[in-house]
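**Q** One predicted model, sequence on top.
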Amino acid sequence: MTERLYYSDPYLTSFDASVVETVRTDDGRVALVLDRTAFYPTSGGQPFDTGALGAARVLEVLEAEDGRILHVVDREESHGAVHGVVDWGRRFEHMQQHTGQHVLSAAFDRLSGARTVSFHLGTSSSTIDLERQVTADECGRAEAHANAVLWEDRPVTIRFADAEEASRLALRKESGRSGQLRLIDIDGFDLSACGGTHVARTGAIGIVLIVSTERVRGGTRIEFVCGVRALREHERMRTAVTGSVRHLSVLPAELPEAIQRLQSENRDQKRRLRDLETRVADQQAIELAAAAEPLGRVRLVAALLDGWQPSGLKAVAACIVRQPDHLAVLLSGPVPFQIVVARSANLADDAAALLRALTGAFGGKGGGRPELAQGGGLSGSAEDITHLLRTIVRAQAGGSDPTDPLP
């Protein structure tokens, strides 16, 4: 069994050990087994450490079902003595997040009676899942209380106890493990069974910042960051606020009001644009319908309207087919084209079938109903598309099946 040096000294990042076994993981990667290690394996919601073993880079650290710790490396190392170095930046970041989680979970438990049921330490933020839904006020009070404990710089110590002794202690959450338990004791505030790495004093966490909340399975998921991650979050928010202030020419405190004003103006502009689009569509439809091409009993309107959005094409087509006997096929460039196909109510032509024929010949996709279909992604020239369109419509007017192979 590998001696776990991080259990007693999470600040240890350089150590000497012996390679006792070389194995392959399930996915075929090389992994080393040591007699002792300071590398933390993925466990208890906390990710693995990285670093180096001799000349090999440690890519991942896993705990096998039989208790062995597997150091996945980028090359093999000979058996015998090896020097290990843990990536301190990654380790310390994990220590800050994990100890911060203990403090934040204890704060929710003490102030609101909301117990933590699970914890996950991600690559950029961490989460705790609380057993019940909590309010924004409860989150604010828990965050403030947690930070007060951080700034008191309380000692964080490691204790060991067997299951019987632990049952008599005021653990925040009962442990289901048997045998000797490793306990993390935040002086006078929290006592929890945990195998993770932690800072020596709460002051080293720096700050706990709740980033977001969401409802999950009847409870609440709290996303948070601590220490260096909280600093990165602050830098990200500062960049966003500074950019927004510069673009909107307002003070930071005026941003919410400025955004609300912009949203209101945007809604007004959209309403006016829809009104103008309807007027333009009506006029465009009148002009196009007047130039419709008679093909048998069908009056075909085939036109390229560069720069029009699909909603505008639909509006124009809808105006055209209010009149009887009209079939409207409207394209919008540049290539690849958007397309809308519509027909008057008194016609039997299938707009969706016609669209399938065109996309089959010129690519793209789309769909719809017999009276209206739309799509996009058509390549080729507008002239070629229009030529094939006329051929199909003529064939339909002559009684051919529009789904027959195209000429």
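**A** Thanks, I have it. Since the structure is predicted, the reported quantities are computational estimates derived from the model, not experimental observations.
**Q** Which helix in this protein has the most residues?
**A** In the chain, taking DSSP state H as the definition, the longest helix is helix 255-290.
**Q** mind listing what's buried in that helix?
**A** Within helix 255-290, the residues that qualify as buried by neighbour count (16 or more other C-beta atoms under 10 Å) are A258, E277, A281, Q284, A285, L288, A289. Quick note: C-beta positions are derived from backbone N, CA and C, even for glycine.
**Q** in the one helix or strand E223 maps to, what's buried?
**A** Using DSSP states H and E, E223 sits in strand 219-226. Buried residues in strand 219-226, defined by neighbour count with 16+ other C-beta under 10 Å: G219, T220, R221, I222, E223, F224, V225, C226.
**Q** For that strand, name the packing helices and strands.
**A** Here strand 219-226 is seen to pack against helix 88-112, strand 126-130, strand 208-216 when contacts are counted using 3 or more C-beta pairs under 8 Å, 6 or more residues apart in numbering; DSSP states H and E.
**Q** So for D185, which of those sits nearest?
**A** Across these, D185 has its closest neighbour in helix 88-112 (9.9 Å, C-beta to C-beta).
**Q** which helices and strands sit right next to that closest one?
**A** Counting contacts by 3+ C-beta pairs under 8 Å, 6+ apart, helix 88-112 is packed against strand 116-121, strand 126-130, helix 136-151, strand 180-186, strand 190-193, strand 208-216, strand 219-226, helix 227-248.
**Q** picking up where we left off before, any idea which of the helices and strands packed on strand 219-226 gets closest to L171?
**A** L171 lies closest, by C-beta to C-beta, to one member of the helices and strands packed on strand 219-226: helix 88-112, at 11.1 Å.
**Q** centre of the chain versus that closest one, how much separation?
**A** On the basis of C-alpha atoms, centre = their mean, to the nearest Å, helix 88-112 sits 23 Å off its chain's mean C-alpha point.
**Q** That helix - what's its average pLDDT?
**A** Mean per-residue pLDDT for helix 88-112: 97.
**Q** Any buried residues in it, and which?
**A** 91-109, 112.
**Q** How about stretch 167-184?
**A** Across stretch 167-184, burial judged by 16+ other C-beta under 10 Å covers L171, R172, S175, L181, R182, L183, I184.
**Q** is it fair to say the third one lies in a strand?
**A** Going back to what we said before, that points to S175. No. Counting by DSSP: H, G, I helix; E, B strand; the rest coil, S175 is located in no strand; its state is coil.
**Q** Next up, the contacts around it.
**A** A163, A166, L181, A193 (C-beta atoms under 8 Å, 6 or more residues apart in numbering).
**Q** Secondary structure class of E76, three-state.
**A** coil.
**Q** Settle this for me: it is touching R29, isn't it.
**A** No. If you go by C-beta atoms under 8 Å, E76 and R29 don't touch, sitting 10.9 Å apart.
**Q** Between those two, point out the one with more neighbours.
**A** Neighbours were counted for E76 and for R29 using other C-beta atoms under 10 Å; R29 has more, 15 against 12.
**Q** how much space between the more buried one and G80?
**A** Separation of R29 from G80 (C-beta to C-beta, to the nearest Å): 21 Å.
**Q** Give me the neighbour count for N147.
**A** N147: 20 neighbours (other C-beta under 10 Å).
**Q** My guess is it contacts G203. True?
**A** No. Using C-beta under 8 Å, N147 is not in contact with G203, being 10.9 Å away.
**Q** Could you dump the helices and strands packed on helix 88-112 into JSON lines with distance to D384 added?
**A** Output for these, formatted as JSON lines (distance: least, C-beta to C-beta, whole Å):
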{"stretch": "strand 116-121", "distance to D384": "56"}
{"stretch": "strand 126-130", "distance to D384": "55"}
{"stretch": "helix 136-151", "distance to D384": "60"}
{"stretch": "strand 180-186", "distance to D384": "73"}
{"stretch": "strand 190-193", "distance to D384": "72"}
{"stretch": "strand 208-216", "distance to D384": "51"}
{"stretch": "strand 219-226", "distance to D384": "53"}
{"stretch": "helix 227-248", "distance to D384": "45"}
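**Q** can you redo the ones you listed as JSON lines with mean pLDDT?
**A** What follows is these, written out as JSON lines (pLDDT from 0 to 100):
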{"stretch": "strand 116-121", "mean pLDDT": "95"}
{"stretch": "strand 126-130", "mean pLDDT": "97"}
{"stretch": "helix 136-151", "mean pLDDT": "98"}
{"stretch": "strand 180-186", "mean pLDDT": "94"}
{"stretch": "strand 190-193", "mean pLDDT": "95"}
{"stretch": "strand 208-216", "mean pLDDT": "96"}
{"stretch": "strand 219-226", "mean pLDDT": "97"}
{"stretch": "helix 227-248", "mean pLDDT": "94"}
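**Q** can you tell which of the ones you listed is closest to V61?
**A** strand 116-121 (14.3 Å).
**Q** For that closest one, what is the distance to the chain centroid?
**A** With C-alpha atoms, centre = their mean as the basis, strand 116-121 stands 19 Å off its chain's centre.
**Q** Same check on stretch 60-76?
**A** Taking C-alpha atoms, centre = their mean, one finds the center of stretch 60-76 at 29 Å from the center of the full chain.
**Q** Kindly report the same for stretch 22-35.
**A** 32 Å.
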